[in-house]
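A.B. asks: mind folding the following:
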Amino acid sequence: MGLLAAPEGGVAAVGAGLAADPAEFTAAYWRHRDRYDMGVPPADYWGAVARDLGRDLGPDDVHALADADARRWSVLAPQIAGLVEQVRATGAPTALLSNAPHPLAAAVRAAAWGAWFPVKVFSCEIGVMKPDEGATGPSRRPSACPARR
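C.D. replies: So this is what the prediction gives:
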């Protein structure tokens, strides 16, 4: 589960259309996830997951899986939404640092709540993942978050 994302549905639900064993799908999903979060194309990631499961995917399958995965992770958990709203009400600057593949980065930017974070740093765009110290650098630059006035 992500810090921001709602856990409903779980990872196994993303692969429901593959008719794979949920535990096997979940293991394959996480086995290759770091490379996906670092920016490998969706076809490469989902192809690796499918190969682990003895399946072949076409372009439409890849698109459906990438879309379902991005939707799953881009739904903001209600309790987190409330917390972020409270922080924003104080005028404190906010930034988002996320291990995320390109489709998820696009979904967050398109989500209404994405606007709550003027600075968004995604691992797929900087080539570094949390907890690597290099991942936090872009969000800590003085220019990243506007100062309170």
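
A.B. asks: what's the host helix or strand of Phe25 packed up against?
C.D. replies: Here Phe25 sits within helix 22-31, counting by DSSP states H and E. Helices and strands touching helix 22-31, by 3 or more C-beta pairs under 8 Å, 6 or more residues apart in numbering; DSSP states H and E, are helix 10-14, helix 42-52. No exception for glycine: its C-beta is placed from N, CA and C like everyone else's.

A.B. asks: and the shortest one, what's buried?
C.D. replies: So that's helix 10-14. Val11, Val14 (16 or more other C-beta atoms under 10 Å).

A.B. asks: which other residues reach the longest helix along the chain?
C.D. replies: Looking across the chain with DSSP state H, the single longest helix is helix 59-73. Helix 59-73 has contacts (C-beta atoms under 8 Å, 6 or more residues apart in numbering) with 2, 5, 9, 11, 13-15, 17-18, 42-43, 46-47, 49-50, 57, 100-101, 103-104, 106-107.
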